[in-house]
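> only geometry, no sequence info:
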């Protein structure tokens, strides 16, 4: 069972609560679909130190001694705008790396965040022992986001259909990760005319889950495409990756034909740029939540790269 109630919204609420009214330089990597955060900016907010660059230098040595070599070695540098209007290379961390760094910083400001991480970790362990808890949490999470019960049950069905497809791919020797992504794009392109990345771009999404931002018809056609692909695969038993690609294209095209018939009959496009929530409203909700947090001191302008 692979039903997971993802905590992305909680994560970004915590980030905004932690860094409210502070300038944290960020960069979005379109290729990797990752946010990167300036580490010295984060250190400055968490500690209030006069010299965040020195603090980060000392912390890197500490992390290396603690055995966090992989984290240390994977830190990258990006050019970011400094207070003097110029761009300099500075250490940045993706979401996973940022979580690890925050855990190593002794700061009262980070304690609520650390407590949240501990709770999420406990929930994941519970879900591993009892997967039904993950389903219950997924249902609760979607309802809190404002989705209707009908949509939520449909979304959970979509997750089950997706899991059945990936189980079938596993049986056919398809490798998780890149090959799964390629086949998913084949299905998506065949029914919608777009890859997953193109579809997300149409809806103005970055890290958000595409299927959580689909209309009923979009989600139903996605389910049809994947369920059909699963059944075709079970019948023809593809032995190579190229054969799996052909199966994915066939399954997606059947759903694509259905989409065209719907559009011909209704005179309206099935695919829409609309997403689950207007982004500005989401930010408003998060800021309102963050407003309940204790007021933080003003940031000192010590982010300049040297």
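That came through, no problem. Note that the structure is a prediction, hence the values are computed from the model and not measured.
> quick one, helices of the stretch 101-250 of the chain?
111-129, 131-144, 149-171, 178-192, 196-202, 216-236, 241-266 (DSSP state H, counting those that start in this stretch).
> What residues sit buried inside the fifth one?
Buried residues in helix 196-202, counting neighbours by 16 or more other Cβ atoms under 10 Å, are found at 196-197, 199-200, 202. In short, each C-beta sits where N, CA and C put it, glycine included.
> Repeat that for the fourth one.
Buried residues in helix 178-192, counting neighbours by 16+ other Cβ under 10 Å, are found at 182-192.
> For residue 53, see how far away residue 103 is.
20 Å (Cβ to Cβ, to the nearest Å).
> now residue 200
Distance from residue 200 to residue 53, by Cβ to Cβ: 35 Å.
> now swap in residue 215 and tell me
From residue 215 to residue 53 the distance is 48 Å (Cβ to Cβ).
> who's more crowded, the two?
residue 53 (19 against 15; other Cβ atoms under 10 Å).
> Please verify my assumption that the more buried one contacts residue 41.
No - taking Cβ atoms under 8 Å as the definition, residue 53 is not a contact partner of residue 41, at 10.7 Å.
> and which of the buried residues of helix 178-192 is nearest to residue 272?
Taking Cβ to Cβ as the measure, residue 272 sits nearest to residue 192 out of the buried residues of helix 178-192, at 11.0 Å.
> Walk me through the domains of this protein.
Taking automatic domain parsing as the criterion, the chain consists of the domains 8-122, 146-276.
> which stretch in the ones you listed has the least confidence?
Mean pLDDT per stretch puts domain 8-122 lowest among the domains of the chain, at a mean of 79.
> and that one, how far out from the chain's middle?
In terms of Cα atoms, centre = their mean, to the nearest Å, the centre of domain 8-122 is found 17 Å from the chain centre.
> cool, stretch 250-269 as well?
29 Å.
> coming back round to it: dump the buried residues of helix 196-202 into CSV; add distance to residue 234 as well.
Formatted as CSV, these follow (distance: Cβ to Cβ, whole Å):
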residue, distance to residue 234
196, 24
197, 28
199, 26
200, 29
202, 32
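> sorry, back to before: just so I know, which of the helices of the stretch 101-250 of the chain lies nearest residue 87?
Per Cβ to Cβ, nearest to residue 87 of the helices of the stretch 101-250 of the chain: helix 196-202, 25.5 Å.
> which strands and helices sit next to the closest one?
Under the contact criterion of 3 or more Cβ pairs under 8 Å, 6 or more residues apart in numbering; DSSP states H and E, helix 196-202 touches helix 178-192.
> Not counting its own residues, what contacts the helix it packs on?
166, 169, 174, 194-197, 199, 218, 221-222, 224-226, 229, 241, 244-245, 248-256, 259, 271 (Cβ atoms under 8 Å, 6 or more residues apart in numbering).
> could you flag which of those residues are buried?
Counted by 16+ other Cβ under 10 Å, those give 166, 169, 174, 195-197, 199, 218, 221-222, 224-226, 229, 244-245, 248-256, 259, 271 as buried.
> re earlier: would you mind putting the helices of the stretch 101-250 of the chain into TSV with distance to residue 47 alongside?
Shown next, in TSV, are the helices of the stretch 101-250 of the chain (distance: least, Cβ to Cβ, whole Å):
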stretch	distance to residue 47
helix 111-129	13
helix 131-144	32
helix 149-171	41
helix 178-192	39
helix 196-202	36
helix 216-236	45
helix 241-266	49
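> Tell me which of the ones you listed lies nearest to residue 78.
So among the helices of the stretch 101-250 of the chain, helix 196-202 is nearest, using Cβ to Cβ, at 20.9 Å.
> Residues in contact with the closest one: which ones?
Applying Cβ under 8 Å, 6+ apart, the contact partners of helix 196-202 are 33, 181, 184-185, 188, 192, 194, 206, 208, 210, 271, 273.
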